[in-house]
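Peer 1: Got a predicted structure plus its sequence, pasted below:
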Amino acid sequence: MTEAQHPIEGAPLIKPSTTDHLLYEPVMEACRTVFDPEIPVNIFDLGLVYTIDIGTESDVEIVMTLTAPGCPVAGEMPGWVQDAVEAVPGVKSVRVLMTFDPPWGMNMMSDEARLELGFM
């Protein structure tokens with residue numbers, strides 16, 4: 001996924017994930033168990049998870065988006081993600097935030113997702 005840049009300040013629109021935390025991999029794998037019901041690919045590989053931020057107390061904040069603002073599961077998907085990540089051993093709490101800035105684009109998908117959907 002390429003990082004979108006803020007047009008004025010040059011700062012990333014998407015906050016970097018806490019990839020060096022021991023819980024990052026298990027949290028990422030938990031996100032991979034949640035699927036967009038309209039597309040047969042998990043939300044992580046679709047590029048819907050923008051940031052996995054893990055605090056020093058193992059509090060997890062996930063910033064994510066949807067393929068479109070009018071997605072029929074917009075009200076349900078954050079709960080699915082929260083449930084999946086709360087089940088990860090060692091996670092103290094989970095907060096899921098939705099954003100549409102920057103908007104999701106097909107360029108945010110992993111190579112695996114593109115292959116699965118026939119774009120490669």
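Peer 2: Yep, it's here.

Peer 1: So which residues make contact with the longest helix along the chain?
Peer 2: Counting residues, the longest helix found in the chain (DSSP state H) is helix 77-86. Helix 77-86 has contacts (C-beta atoms under 8 Å, 6 or more residues apart in numbering) with 27, 30-31, 33-34, 36, 43, 49, 60, 62, 64, 66, 71, 91, 93-98. To be clear about C-beta, it is placed using only N, CA and C from the backbone, and glycine gets the same treatment.

Peer 1: at 6 Å what do you get?
Peer 2: Defining contact as C-beta atoms under 6 Å, 6 or more residues apart in numbering, one finds that helix 77-86 is touched by 27, 30, 33-34, 60, 94, 96.

Peer 1: Out of those residues, which end up buried?
Peer 2: 27, 30, 34, 60, 94, 96 (16 or more other C-beta atoms under 10 Å).

Peer 1: What about the closest residue to the second one other than its chain neighbours, how many residues nearby?
Peer 2: The reference is to residue 30. Leaving out its chain neighbours, the residue that sits closest to residue 30 by C-beta to C-beta, 6 or more residues apart in numbering is residue 84, at 4.4 Å. By other C-beta atoms under 10 Å, 19 other residues sit near residue 84.

Peer 1: Isn't residue 110 up against residue 45?
Peer 2: Yes. Look at residue 110 against residue 45 with C-beta atoms under 6 Å: they come within range, at 4.3 Å.

Peer 1: Neighbour count for these two, which is higher?
Peer 2: Counted by other C-beta under 10 Å, residue 110 and residue 45 do not tie: residue 45 has more neighbours, with 21 against 15.

Peer 1: That one is in what secondary structure piece?
Peer 2: helix 43-46 (DSSP states H and E).

Peer 1: Ok, residue 62 next?
Peer 2: Using DSSP H and E, the element containing residue 62 is strand 59-64.

Peer 1: what residues does that strand touch?
Peer 2: 27, 48-54, 85, 91-97, 99.

Peer 1: Filter those residues down to the buried ones.
Peer 2: 27, 48-54, 85, 91, 94, 96.

Peer 1: Just the ones of those in strands?
Peer 2: Under the assignment DSSP state E, the buried ones among the contacts of strand 59-64 contribute 49-54, 94, 96 to strands.
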